[in-house]
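**Student:** would you be able to build a 3D model of this:
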Amino acid sequence: MAGQALSRESIPDRLLAAKQEARDRYLVLEGPKIAIAFAAQPDPKYNVVGVGIGFKLVGGKPTACYSLRFYVEKKLPKQAIPKDLMLPSKVGRVDTDVIETGRFRAFAAAHPERTRLRPARPGASIGFQFTGDKADIVMAGTLEPWLRRTESGLC
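**Tutor:** From the prediction side, this is the model:
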């Protein structure tokens, strides 16, 4: 791990202020009013899909420094982006990082609560519904991985 993870309560005010400023300026919460071609868009209002705080990545590896993260649908080469559409390298005094994530989409299966995963995978939503006088109660959660240490490592 590059550094210590932050809880919501321990995030420094300068990081929160930078995130708020970037979110207000670059993240468009409504979809575009016009049809966009399938080509990548250099304009942040069409390409930025999220803003967050996390360790700055250099060469795909986390550093010990926190940064303001711009999550984009498609990361474009710097030379393909006009200077007036370039995301800033700093917001306030906070360094930024651009991470390609693609477009976020809600899971759209017909009845996900009835979908069975065999074998069950870590991260899967699991649960059951009571019967009888407690039939209106559903117990649900997320399946965590089970690990055990062996001579050859974790398995």
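**Student:** hey, which helix is longest across this protein?
**Tutor:** helix 13-26 (DSSP state H).
**Student:** run the chain-centre distance for it.
**Tutor:** 16 Å (Cα atoms, centre = their mean, to the nearest Å).
**Student:** which parts of the next helix or strand along the chain from that helix are buried?
**Tutor:** Where DSSP states H and E defines the elements, the next helix or strand beyond helix 13-26 is helix 44-47. For helix 44-47, burial by neighbour count (16 or more other Cβ atoms under 10 Å) applies to Pro44, Tyr46, Asn47. Every residue, glycine included, has its C-beta placed from N, CA and C.
**Student:** helices or strands up against the longest helix of the chain?
**Tutor:** strand 48-58, strand 61-72, strand 90-91, strand 94-100 (3 or more Cβ pairs under 8 Å, 6 or more residues apart in numbering; DSSP states H and E).
**Student:** quick one: Phe130 from Leu143, how far?
**Tutor:** According to Cβ to Cβ, to the nearest Å, Phe130 stands 20 Å off from Leu143.
**Student:** out of the helices and strands packed on helix 13-26, nearest to Thr150?
**Tutor:** Nearest to Thr150 among those is strand 61-72 (27.7 Å), distances taken as Cβ to Cβ.
**Student:** helices or strands up against the closest one?
**Tutor:** helix 13-26, strand 48-58, strand 94-100.
**Student:** change it to 10 Å
**Tutor:** Here strand 61-72 touches helix 13-26, helix 44-47, strand 48-58, strand 90-91, strand 94-100, going by 3 or more Cβ pairs under 10 Å, 6 or more residues apart in numbering; DSSP states H and E.
**Student:** which regions of this protein lie under the pLDDT threshold?
**Tutor:** Within the chain, the ranges that satisfy pLDDT under 70 run 1-5, 29-40, 106-117, 146-148, 152-155.
**Student:** so it: which segments form each domain?
**Tutor:** 8-100, 112-154 (automatic domain parsing).
**Student:** most tightly surrounded among those?
**Tutor:** The highest mean neighbour count among these, using mean count of other Cβ atoms under 10 Å, belongs to domain 8-100: a mean of 14.
**Student:** give me the distance from that one to the chain's centre.
**Tutor:** 12 Å.
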